[in-house]
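S.K.: Model the structure of this input:
(4 chains, ligands or ions: 4)
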Amino acid sequence: MTENSSLHIPRPSARPGDEPDFSYLALSEAGAVRYPDPCTPAKDIEHLAGDLVRVLDDDGVAQGEWAPEIEPAQLLEALRLMLLTRQLDDRMHRMQRQGKISFYMQSIGEEAISVGQGMVFKPTDMMFPSYRNQALFIQRGTDIVDLMCQCLSNTRDMCKGRQMPIMYHDRKANMFSISGNLATQYPHAVGWAMASAIKGEDHVSSAWIGDGSTAEADFHYALTFAAVYQPPVILNVVNNQWAISTFQGFAGGQRRPFAARGQGLGIPGVRVDGNDLLAVYAVTRWAVERARNCGGPTLIEHVTYRGGAHSTSDDPSRYRPKDEWSAFPLGDPVKRLKQHLIKSGHWSDEQHEALNQELKETVTAAWKEAISYGTMNDAPSLDVRSMFDDVYKEVPERLKRQRQQLLDIKGAKS
Amino acid sequence: MTENSSLHIPRPSARPGDEPDFSYLALSEAGAVRYPDPCTPAKDIEHLAGDLVRVLDDDGVAQGEWAPEIEPAQLLEALRLMLLTRQLDDRMHRMQRQGKISFYMQSIGEEAISVGQGMVFKPTDMMFPSYRNQALFIQRGTDIVDLMCQCLSNTRDMCKGRQMPIMYHDRKANMFSISGNLATQYPHAVGWAMASAIKGEDHVSSAWIGDGSTAEADFHYALTFAAVYQPPVILNVVNNQWAISTFQGFAGGQRRPFAARGQGLGIPGVRVDGNDLLAVYAVTRWAVERARNCGGPTLIEHVTYRGGAHSTSDDPSRYRPKDEWSAFPLGDPVKRLKQHLIKSGHWSDEQHEALNQELKETVTAAWKEAISYGTMNDAPSLDVRSMFDDVYKEVPERLKRQRQQLLDIKGAKS
Amino acid sequence: MSQMTMIQAINSALDVMLDKDPTVILLGEDIGYFGGVFRCTDGLQKKYGEHRVIDAPIAEGGIIGSAIGIGVNGLRPVAEIQFADYIYPGLDQIISELARLRYRSGGDYFSPVTVRTPCGGGIRGGQTHSQSPEALFTHLSGINTVMPSNPYDAKGLLISAIESDDPVVFFEPKRIYNGPFDGDPDKPALAWSSHPGGDVPEGYYSIPLGEAAVVEEGDDLSIITYGTMVHVAQAAVKKAGISADIIDVRSLVPLDVETLKQSVEKTGRCLVAHEASKFGGYGAELTATVQEECFWHLQAPIERVTGWETPYPHAFEWDYFPGQDRILAGIRNVLEAV
Amino acid sequence: MSQMTMIQAINSALDVMLDKDPTVILLGEDIGYFGGVFRCTDGLQKKYGEHRVIDAPIAEGGIIGSAIGIGVNGLRPVAEIQFADYIYPGLDQIISELARLRYRSGGDYFSPVTVRTPCGGGIRGGQTHSQSPEALFTHLSGINTVMPSNPYDAKGLLISAIESDDPVVFFEPKRIYNGPFDGDPDKPALAWSSHPGGDVPEGYYSIPLGEAAVVEEGDDLSIITYGTMVHVAQAAVKKAGISADIIDVRSLVPLDVETLKQSVEKTGRCLVAHEASKFGGYGAELTATVQEECFWHLQAPIERVTGWETPYPHAFEWDYFPGQDRILAGIRNVLEAV
Ligand SMILES: Cc1ncc(C[n+]2csc(CCOP(=O)(O)OP(=O)(O)O)c2C)c(N)n1
Ligand SMILES: Cc1ncc(C[n+]2csc(CCOP(=O)(O)OP(=O)(O)O)c2C)c(N)n1
Ligand SMILES: [Mg+2]
Ligand SMILES: [Mg+2]
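M.R.: Numbers count the residues shown, from 1 in each chain, chains lettered A, B, ... in the order given. Ligands and ions are numbered 1, 2, ... in the order given. Below you'll find the predicted structure:
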């Protein structure tokens, strides 16, 4: 009965075995997009949702009005954080393969977003991350040992063993708790910013969501509340082209960029080269200035590519060309920043190699430290009694009795 | 702590006691908007979401490229249906006030939308109405006696007494069942159209939603699925400026028109004078042609005004100027069509008065017939056993037992 | 002391808390300028400003979701969902986020949101303005669930809910907003001024969550119920001319098991009543709990008197509603069982 | 007959129905080209085309909502929700629309949607990939709820669900997708080929909803359970060296009360077990039903063995999971009660 079906089924440009094809991606030249005053009315800058703000050109040179002034030392630090994140991801991925942790998600290829944006926000700003923002934690000062300990569900796990790996948070770094449920953090960020506005404070909040997750209700709720109450919130869509096995066309990305999603509500959208740390930094700074000086939300679409598998449970070779990442026209954010720093005389291949080596050792040392707090199989381990804590502020009588039942049964067994 | 609050709180242009003020409404001149080919790509007609398609000018003359060719007889029939609806609303409102029915919702001021659109759709097209589409039922052939019987929950109620008044449906007229839960019908309409496309049929579906209800998740789901699968669906937002006590700014309507809500997904939007039957007809025909010939959704915003209270439970004088409707720049759809027909020589004040009188009697006769099928207090009444039907296709044993329990208790009582 | 309806008592609780605690804010559809479709927030926006009593878009998930964020940022949001029948679009934020935030973050984050919502039938609301979905909430770990049966309790419990750092879903039985209701729709409506629960202090007081109220004491059986059904049970007991403990659970979670236990151990017979349908309803938990705790004292099966397992129909509202006759039949079953 | 895992049996049920009934279509996240994250729809898009096995946006409410419309237009949609933990954004469409459409429209409209979703713990999924939310569905009037415990039942029940004109929520206990699991995570994994439920006919057959399966027969007590816990109960009974009826409910709604009744009338003792937390769980209804139906035969309180009333934690998965030890302790309580 479907021979005559006229239902449109989105199809990615390439499947396994095909040549990668990114001709669908609208690109602007580096430096081509003008920089409007951050307080420009949304209706006058609608083109920013379709253009692509890029700073670094193919030679690694910063171009145009968006090019930010950043001290070389800061850029070197950004590079270090990106490399550290990549080393961490690599290590944790391998640890999962070896059965040391139950699950992992890499952020490979998307590091410039977390690091570039992290450089803009203040410690008092509140971040509502997604599960590919590990670099943002690192940027805001979370010890990678703590990230590892969360993945290990060990005695130093900030989640006390309750969440799957990568569901971090860091209260003192104002990093919110990551949820397994997609998109739920979006209205939280808007609500947080509403409270900031109500209190007359100038703290902004920011949230991250994947391209695929924009189809969820919470994306709509967040945009609507942001449009209505104009709180100081930076809403990011990380368009890494894939949502597990479905490409961004299944989230409605085939006709218009995600940055345009708020336009019908009057929310300005900016589309940025997510693999260009300078562009990410500049666009975020613009949006934060807008939020602090004139109020209101900005939606930023970061165009990037999910360099790795969706998670350790995934096998992308089943649904996309193996070499798609290498054909991605916006390249690799680490390589691009490195090229820029070398080009501007602040860095060299040798230094890069040395730093990478050093960070590898840092990660190894961190892992050693992390496992000293316990692993899935080895002591020390969390006290099982803690399982009943934090369901409510005080442990209710019922849960105390259940805790005792559990202890009795475990006691009887051992 | 809120002295310094910078939270934006939308405020309507006028509150009780103020002068009505519709300066916020962007208007186009009648005839000013060009008529593009229905298959024009969405990106080339984005202005249609901001313009206002109008056909009838202040003198009641049809103007411009959108002016449809409609036989005078058809227009007279449209006028009759609008008047009939208004008489029905008036009667039912009074019946509620007299305690004959438990609740009612008028559609006064919004009749041109249902009637004008109804003239375009085929009987095989499927309608997913909201609770202010009574005129669409009438247009598609539902007997007003049936509408009344639903409101009476009597023996002829198509809902078998299960729903509050105004939650009609009509299977043979392809009118879907109205839900008390706002916006839920939107994804149903999209799904229905998806099935139409899958089957290779050329039936379209259409759904209606209020301005306030666009904030619900189902609006977003429907738009997303419509953008992804491009089914033949006409999605209508009836912007009557109010959602109970909150004006359309609380649904995010302060910055951009509702017709623009789909633009970020590539869904074309058209903003139309909802009080101009000719314009409504023309825009709907355009969208249906687009759906049938080139596939895909259209979002239509009908700019209108809720002439009456939200429902019989509401008192709008608490939150908006009493005379706001009379100041509404798009007038009253009945008066405007009447003026057009008089102007074009097909109608007169006398005929209008006579028709109105006749329809009043029609409604009175219908009411008499309706109450012969029972009222809340008078026989005949539905068999209480039917309460247990239709929860499932067959009445399960459990419910048969509960039915018997009820009968036993009622028997014991009487 | 003054006389208040349940609406006035709820309004007073909100007023007291808005006044006492500058971090309290209200958010909901039509609650601000208009004062709420049931007028529970009447006058509060005028008194506390549009930045503390905030009209919201029609987006229940957005209301709960943004309230969570507001709570995380140090304010204390009280969200209104216009009808319990419309809370479902907000369920994901309640179940996945509000109820679990403290747990999943190892105690580092929480959001003290209170969600108020009118529930129950008896106002000719048909199937979408009459629902009692409390059982969907009482199964969740991490939130508390409350349903008062009179103005005094409503105010005291609502203040506790707002003050609590744990999230609370607060159900308001709308049929008794304006007066107690004994289940007989043909009798003239009673005013709260005729009921002791209508005496409500003007100022601050609170009733702790987790304590049931023994509304009447007696020996023949224990009736465990809450909300509107408390009044129906009282009328039925009177009509039956028997002597019963009537327990108003009030706090569905945490449940005051001790009070139930003491009562059923005394009477040996138990009837559970609620408006929601039976299968998988909150009464199932009450029944299971009582049989676990009091098995050896039970002289008859515990009887459940509830709404039928159909949606709440408009035309047959009073055949659906578990009124006095149904309770009387239930009492008979429990007392005559041998 | 061939050997199938539960994944293969589900795949086979879908295959059989796609083949037999051209109106059947599948809709869900990652189910098409990829074949589903658990591979339940592997190969089906290739076989039946992208217009019948349709990848969907990540929007559970949109999947259910559009499936309802698809069903109203004469097709028979089977929606997959990737994890039961993610069904909540679709709850409003299930509760307010899918479950009530036939009723509210006086029988004129209905939509025969089947919602498949993997549930339960034991795969190190932490609090958002381990949930068993069946109790939120079993309380609803107008939908049926199913959870199979082996491949044979999974296929037969899923075919019935798809063929049914009433909506069905079909829970798939993911821990036993690939083999039976007796609750001991340290034992080597078993394959379905070692279990009689792994013998599954290739072609069409169906198992009617509403019939429980007596998995084992015995006299000491009745264990009422479903899903993964059926296997845990079997192991515990064996370990205890007792003789018990083990009843696999399978169809949670409609519930086969008769089979429970016959069993408990025979044994006089009853234990109810499930993975979900206790308070307000489906076990509360089972307990309430059994005490109502079999009160005079009961020689001991009915015992519930369940997950704790906390979210399902990642680190303490096996302390949370109601394994053999907990069932054994429950059996002891039930048997020793005097
Ligand atoms: C509500 C919900 N539905 C489904 C899932 C399962 N799921 C986890 S990640 C994912 C894909 C998300 O894709 P995208 O938003 O693009 O983010 P990315 O992984 O590409 O960073 C899905 C479907 C979930 N976690 N939550
Ligand atoms: C999910 C849900 N939330 C809230 C309500 C209560 N309610 C009924 S109508 C209404 C206002 C709707 O306004 P709008 O969408 O603009 O439609 P209009 O009444 O103006 O035609 C509200 C809030 C509801 N019925 N359903
Ligand atoms: Mg993605
Ligand atoms: Mg409106």
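S.K.: at contact distance from ligand 3, anything in stretch A:294-314?
M.R.: No: Stretch A:294-314 stays clear of ligand 3 (CB under 5 Å from the ion), getting no nearer than 5.9 Å. Heads up, the C-betas are built off the backbone N, CA and C, glycines and all.
S.K.: Which of the helices and strands in chain C ranks last by mean pLDDT?
M.R.: Taking mean pLDDT, DSSP states H and E as the measure, chain C has strand C:2-3 as its least confident helix or strand, at a mean of 94.
S.K.: Now the element after that strand, going C-ward?
M.R.: With elements assigned by DSSP states H and E, the helix or strand that comes after strand C:2-3 is helix C:6-20.
S.K.: Next, the angle from the next helix-or-strand element following that next one to helix C:6-20.
M.R.: Elements were assigned by DSSP H and E; along the chain past helix C:6-20, the next helix or strand is strand C:24-28. Angle of strand C:24-28 versus helix C:6-20, following axes from the mean of the first three to the mean of the last three CA atoms, to 10 degrees, is 140 degrees.
S.K.: CA atoms only: put the following helix or strand past strand C:24-28 into CSV for me.
M.R.: Where DSSP H and E defines the elements, the next helix or strand beyond strand C:24-28 is helix C:44-48. Once non-C-alpha atoms are left out, helix C:44-48 reads as follows in CSV (Å, rounded to 0.1, in the frame of the first residue of the first chain):
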residue,chain,number,x,y,z
LEU,C,44,-2.0,38.7,45.2
GLN,C,45,-0.5,40.2,42.1
LYS,C,46,-1.9,43.6,43.1
LYS,C,47,-0.3,43.2,46.5
TYR,C,48,3.0,41.7,45.6
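S.K.: what comes up buried for helix C:44-48?
M.R.: C:44-45, C:48 (16 or more other CB atoms under 10 Å in any protein chain shown).
S.K.: circling back to that earlier point, which strands or helices does the least confident helix or strand of chain C pack on?
M.R.: For strand C:2-3, the packing partners by 3 or more CB pairs under 8 Å, 6 or more residues apart in numbering or on different chains; DSSP states H and E come out as strand C:199-200.
S.K.: which residue ranges form the strands in the stretch 51-200 of chain A?
M.R.: All strands of the stretch 51-200 of chain A, identified by DSSP state E, counting those that start in this stretch, fall at A:126-128.
S.K.: Likewise for chain C?
M.R.: Counting by DSSP state E, chain C has strands at residues C:2-3, C:24-28, C:53-55, C:76-80, C:114-119, C:144-146, C:168-173, C:199-200, C:213-216, C:221-225, C:244-248, C:251-253, C:270-277, C:303-307.
S.K.: Next up, the contacts around the residue sitting nearest the centre point of chain C.
M.R.: Chain C has residue C:147 as the residue nearest its centroid, 1.4 Å off, counting by CA atoms, centre = their mean. Counting by CB atoms under 8 Å, 6 or more residues apart in numbering or on different chains, residue C:147 touches C:119, C:134, C:170-173, C:226-227, C:249-250, C:252.
S.K.: what's near enough to touch residue 249?
M.R.: Using chain A here. By CB under 8 Å, 6+ apart, residue A:249 lies in contact with A:10-12, B:228.
S.K.: Chain C, not that one
M.R.: C:147, C:212, C:224-226, C:255-256, C:286.
S.K.: Tell me the buried residues within those residues.
M.R.: C:147, C:212, C:224-226, C:255-256, C:286.
S.K.: Over in the stretch 1-150 of chain C, which residue gets nearest ligand 4? Let me know.
M.R.: Residue nearest to ligand 4 within the stretch 1-150 of chain C: residue C:58 (9.4 Å; CB to the ion).
S.K.: what mean pLDDT does stretch C:188-198 have?
M.R.: Stretch C:188-198 comes out with an average pLDDT of 96.
S.K.: What of stretch C:138-147?
M.R.: pLDDT averaged over stretch C:138-147 gives 98.
S.K.: if we can go back for a sec, can you name the two of the contacts of residue A:249 that sit furthest apart?
M.R.: A:12 and B:228 (13.2 Å; CB to CB).
S.K.: Same drill for the two, tell me which one is more crowded.
M.R.: A side-by-side neighbour count of residue A:12 and residue B:228, using other CB atoms under 10 Å in any protein chain shown, places residue B:228 first with 30 against 21.
S.K.: Can you name the residues that contact the more buried one?
M.R.: A:8, A:10, A:249-252, A:254, D:57.
S.K.: what do you get for residue C:207?
M.R.: C:153, C:156-157, C:159-160, C:250.
S.K.: Dump those to TSV, plus distance to residue C:24, neighbour count and pLDDT.
M.R.: Formatted as TSV, those follow (distance: CB to CB, whole Å; neighbours: other CB atoms under 10 Å in any protein chain shown; pLDDT from 0 to 100):
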residue	distance to residue C:24	neighbour count	pLDDT
C:153	20	22	98
C:156	16	21	98
C:157	16	25	98
C:159	10	21	99
C:160	13	23	98
C:250	22	26	98
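S.K.: Among those, which are located in helices?
M.R.: C:153, C:156-157, C:159-160 (DSSP state H).
S.K.: Surely residue C:166 touches residue A:393?
M.R.: Yes: taking contacts as CB atoms under 8 Å, residue C:166 lies within contact range of residue A:393: 5.5 Å.
S.K.: what is in contact with the two at once?
M.R.: Joint contacts of residue C:166 and residue A:393 (CB under 8 Å, 6+ apart) are C:102, C:110.
S.K.: neighbour-wise, which of those two wins?
M.R.: Legend: neighbour count by other CB under 10 Å for residue C:166 and residue A:393, higher for residue C:166 (24 against 14).
S.K.: Could you list the low-pLDDT ranges of the stretch 1-150 of chain C?
M.R.: Scanning the stretch 1-150 of chain C for pLDDT under 70 picks out C:1.
S.K.: who's in contact with residue A:397?
M.R.: Each residue near residue A:397 by CB under 8 Å, 6+ apart is listed here: residue C:254.
S.K.: how does it look with 10 Å?
M.R.: C:210, C:254, C:257-258 (CB atoms under 10 Å, 6 or more residues apart in numbering or on different chains).
S.K.: can you pick the most crowded of those?
M.R.: For those, neighbours tallied by other CB under 10 Å; top is residue C:254, 20 neighbours.
S.K.: what's the distance between the nearest residue to that residue once chain neighbours are set aside and ligand 3?
M.R.: Distances taken as CB to CB, 6 or more residues apart in numbering or on different chains place residue C:210 nearest to residue C:254, at 4.1 Å, with adjacent residues excluded. Noted for residue C:210: a distance of 45 Å to ligand 3, by CB to the ion, to the nearest Å.
S.K.: my read: residue C:210 touches residue C:168, true?
M.R.: No: checked against CB atoms under 10 Å, the pair residue C:210 and residue C:168 is beyond contact range at 11.4 Å.
S.K.: still on that earlier bit, look up how far residue C:246 lies from the residue nearest to residue C:254.
M.R.: Between residue C:210 and residue C:246 the computed distance is 19 Å (CB to CB, to the nearest Å).
S.K.: Residue A:345 now?
M.R.: Here residue A:345 is placed at a distance of 85 Å from residue C:246 (CB to CB).
S.K.: Looking only at neighbour counts, state which of those two leads.
M.R.: Neighbours were counted for residue A:345 and for residue C:246 using other CB under 10 Å; residue C:246 has more, 25 against 8.
S.K.: contacting residues around residue A:402?
M.R.: A:387-388, A:395-396, D:277-278, D:306-310.
S.K.: go on, residue C:151?
M.R.: By CB under 10 Å, 6+ apart, the residues touching residue C:151 are C:3-10, C:12-13, C:176-177, C:179-180, C:192, C:195, C:197-200.
S.K.: which residues touch the spatially closest residue to residue C:106 that is not a sequence neighbour?
M.R.: Closest residue to residue C:106 apart from its sequence neighbours, by CB to CB, 6+ apart: residue A:160 at 4.1 Å. By CB under 10 Å, 6+ apart, the residues touching residue A:160 are A:150, A:153, A:382-383, A:386-387, A:389-390, C:103-108, D:313-316.
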